[in-house]
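[1] fold the following, please.
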Amino acid sequence: MGSEKVERRLAAILAADVAGYSRLMGVDEEGTVAALKALRKSLIDPKITEHRGRMVKTTGDGALVEFASAVDAIRCALETQQAMAARNTDIPQNRRIEFRIGINVGDIIIDEGDIFGDGVNIAARIETLATPGSICLSDNVYQQIKGKLTLDVSDMGEQRLKNIAQPVRVYAVRLDVRAQTTTMTPTLALPDKPSVAVLSFQNMSGDPEQEYFADGIAEDITTALSRFNGLFVIARNSSFTYKGRAVDVRQIGRELGVRYILEGSVRKGGNRLRINAQLIEAESGNHLWANKYDGAAADLFDLQDKIAEGVVGAIEPSIQKAEIARVRRKRPENLDAYDFYLQALPHAWVNTSSEAEKALTFLNEALKIDPTYPAAHGLAALCHWHRYQRGGLDPIERSEALRHARAVLACNTDDANALAFAAFMSASLDNEHEVAVGAAERAIALCPNSARAHTNRAATHMVLGNYDRAIESAEYAVRLSPLDPMRYGPEGVLAISHLALDHYNEAVEAARRSIQSNPGFIHAYAILAAGSVHLGRLGDAQDAIRRALVMEPKFRANAYKSAPLGPPDRMETLIRDLRDAGLPE
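    Here you go, the predicted structure:
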């Protein structure tokens, strides 16, 4: 008896389902079915055809699609999610149809038109990690599309997926802040310390009276940037020598010895003012960040303060992101303590136990070179805190978090971020409330425009139960840097603080925003679950806990007793809510 030959091929597999399908069917069964049919006819099937895909099969709330190319699969997913976001603009949240999409590239088996195998299973498991309206990719997909598509992705680290033998690295696509250029930044032969020059803003209004305003904007930004101890800022008198001259930014960068140029323009029309600002990498001419500000001409000085504040808060993380990219291009034997610190940052941002361990590898190297390096101690404290709270409450991790936090406080540093991390550790693990508040306030005094300093001050007040102050600081952090890759932090503080104040809808919405910024931030899932319990949405609560446990199987409700995010009475309530949602104690 001969064996039948099995047909195999390599393919990109897209798995999708409708988030909250059971809830939507419960609200309006016939309407939901009709809406899904209409969406498939008007949007989904045409997009699949346009990008050369094949609909393999559909279920009540899901679909499986095969593509010959990872690029085609992602383009189809992106355009579908963007179209759905536009359609949902005027639809109430509880009636929106939102898809979760997972994409993998792998070997598949074909049998009578259907497809099987680990390649399919991984796509289906990754899809469950996606937030409503978002896309998750396997590392196989990410490696395939690098250099072909430009995506802003969040690294979720290695994930253990059900019935998949080996961990799979997963990336979440940020749909709202995708990069606009595919140009790769060339290697820079410039000083190691990040340096920036603020050029005089150009007066585009034709009104000579606005010249002083344009100069004032640039001066204020220069002064504010100078307060970041991690930056070298060129003095105004040097930067303003280029005023009125048509000089290429590459030449300015060479002549001033800086990596980054901030330039802008002012335009007046009637009683309105528009100010544009942009950050440029001098060596390559690439634009790293841009924004515009509008206001009434009568509010000149208020607008000037607002622009200086917003620009400074936004470009600090943009510069740090560019610095990380630069260090990754350096030869390993040329790395110094600062470089190792930068290498650690993206792993620390992911906010999982496994990625924190990778960050600590780099931080330990930095501290071998400079044992008193405050920035490395501060970030190491945070990484050990994550591993303690999420990895089984190992007392060694707690001890290490406190050791690094105390090292920051002992060195009388002026590093605002290191102080802010130490403040949070002192409040959460050490019950040193006065020390914590003092360190948090000193961080803000040193760097009033640092979004991360404000985030950690917010977290410190949250742990101490000062929820109104926590909300105020967290909202200010978001306003300072709305596109910060660590925005999940202040959004998480807002979620916890609103939950503690019994503002359940606000807590759930903030938790969702936090997850959108970083799908690996486990505390946001916990608050989403607790808030959903109070709103009577037990299914949503259980789903949030399930996704948290997929990322961190050792995560337990009692973590909030050993490393609290608030006073004991509020933590007892949170633990009870999480237990009701299905999280083991």
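
[2] where along the protein do the strands fall?
    Residue ranges of the strands in the chain, as given by DSSP state E, are 7-18, 53-58, 62-67, 99-111, 114-116, 135-138, 153-159, 168-173, 195-198, 202-203, 232-233, 260-269, 272-281, 287-296.

[3] tell me the domain ranges of the chain?
    Following automatic domain parsing, the chain resolves into domains at 7-173, 195-323, 330-448, 457-585.

[4] between these, which gets the lowest average pLDDT?
    In terms of mean pLDDT, the lowest-scoring of the domains of the chain is domain 195-323 (a mean of 73).

[5] ok so, going back, tabulate the domains of the chain (a markdown table), appending mean neighbour count.
    The way it works is simple: take the backbone N, C-alpha and C, and place the C-beta from them, glycine included. Listed next are those as a markdown table, based on neighbours: other C-beta atoms under 10 Å:
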| stretch | mean neighbour count |
| --- | --- |
| domain 7-173 | 18 |
| domain 195-323 | 18 |
| domain 330-448 | 21 |
| domain 457-585 | 22 |
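
[6] so for residue 32, which of the strands of the chain sits nearest?
    strand 7-18 (8.3 Å; C-beta to C-beta).

[7] wait, which of the strands of the chain is closest to residue 552?
    strand 153-159 (10.1 Å).

[8] which strands and helices sit next to that closest one?
    When contacts are defined as 3 or more C-beta pairs under 8 Å, 6 or more residues apart in numbering; DSSP states H and E, strand 153-159 packs onto helix 118-129, strand 168-173, helix 337-350, helix 353-369, helix 538-551.

[9] tabulate these (TSV), appending distance to residue 89.
    Supplementary listing: the helices and strands packed on strand 153-159 in TSV, determined by distance: least, C-beta to C-beta, whole Å:
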stretch	distance to residue 89
helix 118-129	24
strand 168-173	20
helix 337-350	30
helix 353-369	34
helix 538-551	22
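
[10] right, so of the ones you listed, which gets closest to residue 95?
    Counting by C-beta to C-beta, and looking across all of the helices and strands packed on strand 153-159, nearest comes helix 538-551 at 14.9 Å.

[11] for that closest one, packing partners?
    Here helix 538-551 touches helix 21-27, helix 118-129, strand 153-159, helix 522-534, helix 568-581, going by 3+ C-beta pairs under 8 Å, 6+ apart.

[12] touching it from outside, list them.
    By C-beta atoms under 8 Å, 6 or more residues apart in numbering, the residues outside helix 538-551 that reach it are 20, 22-23, 128-129, 156, 159-162, 352, 520, 522, 525-526, 528-530, 532-533, 555, 578, 580-583.

[13] got the CA positions of that helix in CSV?
    Listed in CSV are the C-alpha atoms of helix 538-551, where the atom choice follows Å, rounded to 0.1, in the frame of the first residue of the first chain:
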residue,chain,number,x,y,z
LEU,A,538,-16.3,39.2,33.4
GLY,A,539,-15.4,37.8,30.0
ASP,A,540,-13.2,40.8,29.2
ALA,A,541,-11.5,40.4,32.7
GLN,A,542,-10.8,36.7,32.1
ASP,A,543,-9.4,37.4,28.7
ALA,A,544,-7.0,40.0,30.1
ILE,A,545,-5.8,37.5,32.7
ARG,A,546,-5.4,34.8,30.1
ARG,A,547,-3.2,37.0,28.0
ALA,A,548,-1.1,38.1,31.0
LEU,A,549,-0.5,34.5,32.0
VAL,A,550,0.6,33.7,28.4
MET,A,551,3.3,36.3,28.8
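
[14] make residue 1 into 44 and carry on from there
    Renumbered: residue one is now 44, and that last one reads helix 581-594.
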